[in-house]
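1. starting from these lines, generate the structure:
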Amino acid sequence: MTGTRPRVLSGIQPTGAGSHLGNYLGAVRRWVPLQDTHDAYFFIPDMHAITVRHSPEDLRRRTLEAVAELLAVGLDPARSTIFVQSQIHEHAELEWILGCITGYGEAQRMTQFKDKAARSELGNATVGLFTYPILQAADILLYHANEVPVGVDQRQHVELTRDLAIRFNSRFGDVFTVPVATVVAETARIADLADPTRKMSKSLPPAGTVYVLDDPKTITKKIKSAVTDTGRDVLAADDKPGITNLLGILAAITGTSVENLEKQYAGAGYGQFKADVAEALVAELTPVRERYQDLLADPAQILAVIEDGVARAREVAAVTVAKAKDAIGYLPPRGGWGTGS
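-> As a prediction, this is how the structure comes out:
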């Protein structure tokens with residue numbers, strides 16, 4: 001806790017096309033109001049991005065683009081700390097310390113590694129993939145985050161973080177804040193437009209995924225081509241996953257309940273309904289896209305935001321790691337740990 005405000009921390013990986021609609025509605029857009037109620041830290045976890053094969057040039061470009069997207073959505077460097085993970089070496093230092101109190105079985109049971117093992121997909125897996133939940137724990141504990149907003153599928157990672165914080169504090173003294181996962185209540189389960197039985201994902205064909213940075217023509221085409229269902233009634237129902245998905249999207253964008261939308265579109269048919277969903281999405285996302293393009297036209301302003309955010313974040317991270325080093329018994333350098341040791 002800093003002052004009277006709880007501290008919140010979250011991040012978004014630099015993975016190509018940017019956030020899709022599910023990420024945006026479920027996470028990124030929700031971060032904006034947190035700046036008014038929390039001591040907010042948001043970062044680009046580029047160290048996590050190298051757990052799989054990657055292009056160095058693409059990683060640099062996508063990291064810059066990811067910061068631009070956060071700024072375009074509405075994160076304000078005057079109200080939050082925005083930084084790039086790899087520019088703060090304390091993340092790697094604390095990962096090692098935490099790794100030394102993490103059980104092999106604990107790491108093995110983490111969802112992503114466990115799922116890949118079950119599917120016999122570990123042939124190309126790296127040690128980084130195995131240990132990345134420990135790095136996630138370091139990301140959180142470095143900044144004494146009180147709250148970590150996550151989807152249900154990420155809650156396990158915060159539970160590991162809590163376990164490691166409690167274990168360290170018990171063995172070596174109180175150094176870390178024990179965080180709480182604030183599980184994001186889904187506005188709607190945003191499904192793939194081409195296959196509404198599956199969650200919208202970057203791993204699926206692009207026709208079914210709306211990206212925050214899509215142009216208006218592309219957004220309109222994707223919505224109008226979205227799979228619907230038999231009949232003409234605009235109703236949310238188990239046997240109408242396509243229309244239910246679009247209703248959820250429109251409800252999230254407009255702040256109108258699904259029930260009221262059903263009444264509004266009674267007898268209207270799918271054509272008008274889809275056109276309105278597309279129009280609402282274009283109105284919501286076009287200002288983000290335009291702001292993003294303006295930012296990328298002047299990369300110096302993005303780099304300045306990163307530089308300032310890194311300096312502010314390191315002030316906290318360096319003190320945390322110095323305390324952890326002292327607690328576990330490392331011999332301090334001449335002059336003490338300071339804030340940059």
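2. next secondary structure after the lowest-mean-pLDDT helix or strand in the chain?
-> Ranked by mean pLDDT, DSSP states H and E, the helix or strand of the chain with the weakest confidence is helix 111-118, at a mean of 61. Going down the chain from helix 111-118, the next helix or strand is helix 127-142, by DSSP states H and E.
3. pull out the buried residues from that following helix.
-> 129-142 (16 or more other CB atoms under 10 Å). C-beta here means a position set from N, CA and C on the backbone, and glycine is covered the same way.
4. residues making contact with it?
-> Here helix 127-142 makes contact (CB atoms under 8 Å, 6 or more residues apart in numbering) with 9, 11, 43, 45, 47-48, 50-52, 85, 88, 90-92, 94-95, 98-99, 102, 107-108, 110, 112-113, 116, 148, 157-158, 160-161, 164-165, 176-177, 179, 316-317, 320-321.
5. distance between that helix and the chain's centre?
-> 15 Å (CA atoms, centre = their mean, to the nearest Å).
6. other SSEs contacting the next helix or strand after it?
-> Using DSSP H and E, the helix or strand that follows helix 127-142 towards the C-terminus is strand 147-150. When contacts are defined as 3 or more CB pairs under 8 Å, 6 or more residues apart in numbering; DSSP states H and E, strand 147-150 packs onto strand 7-11, helix 29-37, helix 155-172, strand 180-183.
7. tell me the angle of the longest one relative to helix 127-142?
-> Just to be clear, that refers to helix 155-172. Taking axes from the mean of the first three to the mean of the last three CA atoms, to 10 degrees, one finds helix 155-172 and helix 127-142 inclined to each other by 70 degrees.
8. tell me which residues of helix 155-172 come out buried.
-> 156-158, 160-165, 168, 172.
9. can you put those residues in a markdown table and add distance to residue 306?
-> Below are the buried residues of helix 155-172 laid out as a markdown table (distance: CB to CB, whole Å):
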| residue | distance to residue 306 |
| --- | --- |
| 156 | 30 |
| 157 | 25 |
| 158 | 26 |
| 160 | 28 |
| 161 | 25 |
| 162 | 29 |
| 163 | 32 |
| 164 | 28 |
| 165 | 28 |
| 168 | 30 |
| 172 | 33 |
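10. care to break this protein down by domain?
-> Listed by automatic domain parsing, the domain ranges of the chain are 7-188+298-328, 206-295.
11. closest to residue 197 out of those?
-> Each of the domains of the chain has some distance to residue 197 by CB to CB; the shortest is domain 206-295, at 5.9 Å.
12. run the chain-centre distance for the closest one.
-> For domain 206-295, the distance to the chain centre is 23 Å (CA atoms, centre = their mean).
13. re the thing from before, export the helices and strands packed on strand 147-150 as TSV, with columns for mean pLDDT and distance to residue 69.
-> TSV is the format used below for the helices and strands packed on strand 147-150 (pLDDT from 0 to 100; distance: least, CB to CB, whole Å):
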stretch	mean pLDDT	distance to residue 69
strand 7-11	94	12
helix 29-37	93	12
helix 155-172	93	23
strand 180-183	84	22
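14. nearest to residue 242, of those?
-> Closest among the helices and strands packed on strand 147-150, once you apply CB to CB, is helix 29-37, at 23.2 Å.
15. which stretches of the chain have low pLDDT?
-> 1-3, 111-123, 152-153, 184-188, 338-341 (pLDDT under 70).
16. longest helix in it, by residue count?
-> Of all segments of type helix in the chain, defined using DSSP state H, the longest is helix 299-328.
17. let me know the helix or strand that residue 201 is in.
-> Assessed by DSSP H and E, residue 201 sits outside every helix and strand.
18. surely residue 147 meets residue 37?
-> No - in this structure residue 147 lies outside contact range of residue 37 using CB atoms under 8 Å: 10.2 Å.
19. quick one, which of the two is more surrounded?
-> residue 147 (19 against 10; other CB atoms under 10 Å).
20. contact partners for that one?
-> Residue 147 sits next to 6-9, 38, 179-182 when contact means CB under 8 Å, 6+ apart.
21. residue 264 now?
-> residue 256.
22. same check, this time on residue 10
-> Counted by CB under 8 Å, 6+ apart, residue 10 has contacts 27, 31, 41-42, 148-150.
23. run the last query once more with 6 Å
-> By CB atoms under 6 Å, 6 or more residues apart in numbering, residue 10 lies in contact with 42, 149.
24. distance of it from residue 154?
-> Residue 10 sits 10 Å away from residue 154, going by CB to CB, to the nearest Å.
25. residue 76 now?
-> Counting by CB to CB, the gap from residue 76 to residue 154 is 25 Å.
26. understood, closing this out.
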